[in-house]
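J.: What follows is a predicted structure for the sequence shown.
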Amino acid sequence: MALLPDPGWRDVADVLILSYLAHRLILLARGTRAPQVLLALAALWALWHVARHAGLELTAWFLGALNALAPVALIVVFRDEIRDVLVRSSPLRLLAGRPTRAGAIDLPAVAEAAFRLAASRTGALLAFEGRDRLDKLAREGTRVDARFSVPLVESLFAKGSPVHDGAALVRGGRIDRVGTFLPLSTRDGLPAAFGTRHRAAVGLSERCDAVVLVVSEERGEVALARDGRVEPIASPEELERALDASPRVEAGAEAHRGRAPRLVSSAAGFLLTTLAVATLWALYDRQQVARRTVTASVNFRGLPESLELIDPPEAIDLQLRGKRTLIDGLSPDRVTISVDLSGAERGGRYAIERGDMAVELPVGVEWSRADPGLSVRLGERVELTLPVRPRLEGRPPPGFAFTPPRVEPATVTVRVPRGMEGRLEAVETRPIDVGELALDAATREATVEVPLELGRIATRPAAGSADTVRVTVGTRPAAAPDDPEAAP
Ligand SMILES: Nc1ncnc2c1ncn2[C@@H]1O[C@H](COP(=O)(O)OP(=O)(O)OP(=O)(O)O)[C@@H](O)[C@H]1O
């Protein structure tokens, strides 16, 4: 079996289409928990296989049951993402256009808004969602779902705004909800100046990977909370840098890398995905595709009138490749090879090319190699007139012996390749089973029409010469009862 499968155009198309879909799914899943969950499921699946191969029956059974539940678990874990894709964006986005998750945060706009709010001593709280969803942690609030912009943020947190209390939730470059209530930190040792706004920022960043921006109403300061720590931010540039460096606000950073690098990273991502899919395809192919060698009978056609075949091969070995179910259930006599000899012009040895062979196979099975390669020898045709020799099988009835059989016509003309004339003395008939002959009671004779047994040298009769003969078989009483000819 070849180490590397040899793919057809359908396999290449299969790999490319699947790679494209997988690449789009990866773009959509970026910034979600999908990679961790899929990794966990893959580990579970791998463990299950290890347990099965190691013969750990109980563990394998338990892991198998968990694996069977995996599709349900996927739907439950990703219900929010599935809902988002179905409700917020057209499913066609999976096939084309920008994926939802790559929605970019306008970092300069965030920095400008934060410092304008600080300058006007307007308190604000903005939670940037990371890989962890904030739906359960940031409660209540009013749905906005608007693109992030400086005037929008300023008006939302302005003192007269009905939604200025609470936190705004930023998801994938958009303000998703405002006026949400964040969990407060209960930690001791936070600075005395920290009121509930700062405690809410710390509280959320302790519970998930969100980055929370706080603008202090009292002191007009800007700070960022992540992983339960608060760092003061002195300038818009520092804020931009801090957010850009945060892998959790990756979607935002992507917008600033410019179009060309994004294309390059997207192309590299696609290449990597294709590589992974091609590897998976190769593994799958090795499991699904079977190879088998069968001995197939060969028929020759199109032999020019002036030529004859010398010792043609009756069967050759073919290597077959196809779906395991088809290959395993294939009966070798369903495989026939027809070789076109119409291109031969004179005697000699001919190597038969793949294009000259028509191999009849069930759909979905391919033949890859005739082993050993097929070649035939052709000789110029000569005609030979030879006596016909009837072949009798069986014995005469007890007490009788055969009279010499009569053949009509007594000779036939056959075609043989030049040089083979000396190897034939007579042409035999197909065997005649004398036990089956209904001998005429009066004459004790029977006449049968029987085909000639043309062999490997004389493969066909000459034009106008019969290919069947009439053979008359007769019996006579045996000379003596103990005649060995008549013995049973
Ligand atoms: N759990 C919470 N979730 C979201 N926002 C909250 C929460 N608790 C308080 N806030 C916001 O913080 C405001 C109160 O700020 P407070 O003065 O207590 O905090 P602070 O940390 O001292 O902030 P500042 O420096 O702006 O005064 C509330 O009006 C509300 O808008």
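T.: That came through fine.
J.: At which residues are the strands of the stretch 101-250 of the chain located?
T.: Counting by DSSP state E, counting those that start in this stretch, residue ranges of the strands within the stretch 101-250 of the chain are 124-128, 142-147, 167-171, 174-180, 211-215, 222-226, 229-233.
J.: Just name whatever secondary elements the fifth one is in contact with.
T.: To tie it back to what came earlier, the one meant is strand 211-215. Under the contact criterion of 3 or more Cβ pairs under 8 Å, 6 or more residues apart in numbering; DSSP states H and E, strand 211-215 touches helix 107-119, strand 124-128, helix 196-207, strand 222-226. For glycine as for every other residue, the C-beta is placed from the backbone atoms N, C-alpha and C.
J.: Next, the angle strand 222-226 makes with it.
T.: 160 degrees (axes from the mean of the first three to the mean of the last three Cα atoms, to 10 degrees).
J.: and if you look at the last one?
T.: Here strand 229-233 runs at 150 degrees with respect to strand 222-226, directions being taken by the same axes, to 10 degrees.
J.: ok now stretch 284-294, how far from the chain's centre?
T.: Averaging C-alpha positions (Cα atoms, centre = their mean, to the nearest Å) puts stretch 284-294 13 Å from its chain's average.
J.: What's the end-to-end length of that stretch?
T.: Terminal residues of stretch 284-294 are spaced 24 Å apart (Cα to Cα, to the nearest Å).
J.: Ignoring the adjacent residues along the chain, who's closest to whichever residue of the stretch 151-300 of the chain sits closest to the ligand?
T.: Per Cβ to the nearest ligand atom, G195 is where the stretch 151-300 of the chain lies closest to the ligand, at 2.2 Å. Residue nearest to G195 in three dimensions, not counting chain neighbours: E218, with 7.6 Å by Cβ to Cβ, 6 or more residues apart in numbering.
J.: ditto for E237
T.: A111 is the one closest to E237 (Cβ to Cβ, 6+ apart), at 7.3 Å.
J.: and the one you found, what is it in contact with?
T.: Applying Cβ atoms under 8 Å, 6 or more residues apart in numbering to A111 gives the contacts 236-237, 239-240, 243.
J.: same thing but 10 Å
T.: Neighbouring residues of A111 by Cβ atoms under 10 Å, 6 or more residues apart in numbering: 150, 213, 222, 233, 235-243.
J.: Just the ones in helices from those residues, please.
T.: Of the positions in the contacts of A111, 150, 236-243 sit in helices, assigned by DSSP state H.
J.: Dump the residues you listed to a markdown table, plus distance to F270 and pLDDT.
T.: Listed next are the ones in helices among the contacts of A111 as a markdown table, based on distance: Cβ to Cβ, whole Å; pLDDT from 0 to 100:
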| residue | distance to F270 | pLDDT |
| --- | --- | --- |
| V150 | 35 | 87 |
| P236 | 36 | 88 |
| E237 | 34 | 88 |
| E238 | 35 | 88 |
| L239 | 33 | 86 |
| E240 | 30 | 84 |
| R241 | 30 | 83 |
| A242 | 31 | 82 |
| L243 | 28 | 80 |
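J.: For the one helix or strand V473 maps to, buried residues please.
T.: Assigned by DSSP states H and E, V473 belongs to strand 468-477. Residues of strand 468-477 classed as buried: 469, 471, 473-475 (neighbour count, 16 or more other Cβ atoms under 10 Å).
J.: same for the biggest strand by length in the chain, what does it pack against?
T.: Ranked by residue count, the top strand of the chain under DSSP state E comes out as strand 375-393. On a contact count with 3 or more Cβ pairs under 10 Å, 6 or more residues apart in numbering; DSSP states H and E, strand 375-393 meets strand 289-301, strand 307-310, strand 348-351, strand 400-408, strand 411-417, strand 427-433, strand 445-451, strand 468-477.
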